[in-house]
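Engineer: got a sequence here, can you model it:
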Amino acid sequence: MRSGNYRAPNLIPGKYRVSVEKAGFKKFVAEDVELVALADRRVDLRLEVGAVSESVTVTAGAQLVETERAVVTDVKSNRVFTYMPVNSN
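Structural biologist: The predicted model follows:
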């Protein structure tokens, strides 16, 4: 079994489809992988032995708790900054 980390920097926030395939293994597909600004997203890929014509599809549910790093992140809408009090002295 091999494991590794892969990065795809500079992707814009949104939903993505992650697909992995290798001869002799079932195709793995993760649908609706949501990326948000300034956050890492982990997708655990699992290739099972099987014919290439078979596939496994995972549909994303609720976002998991970040277990890789101890970082607090938050995304604010522009409304928050529009109505934020400003010291104009």
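
Engineer: how about the helices in the chain?
Structural biologist: Along the chain, counting by DSSP state H, helices occupy 78-82.

Engineer: residue boundaries of the strands in it?
Structural biologist: Remark: strands assigned in the chain by DSSP state E are 14-20, 27-35, 55-59.

Engineer: and among those, the most buried is which?
Structural biologist: strand 27-35 (a mean of 15; mean count of other C-beta atoms under 10 Å). Where C-beta positions appear, they are placed from N, C-alpha and C, glycine not excepted.

Engineer: one step back: any chance of the strands of the chain in CSV, plus distance to Val80?
Structural biologist: Output for the strands of the chain, formatted as CSV (distance: least, C-beta to C-beta, whole Å):
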stretch, distance to Val80
strand 14-20, 21
strand 27-35, 21
strand 55-59, 31
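
Engineer: those strands: which one's closest to Arg46?
Structural biologist: Arg46 lies closest to strand 27-35 among the strands of the chain, at 6.3 Å (C-beta to C-beta).

Engineer: for the strands of the chain, which one sits closest to Asn78?
Structural biologist: Asn78 sits nearest to strand 14-20 of all the strands of the chain, at 17.6 Å, using C-beta to C-beta.
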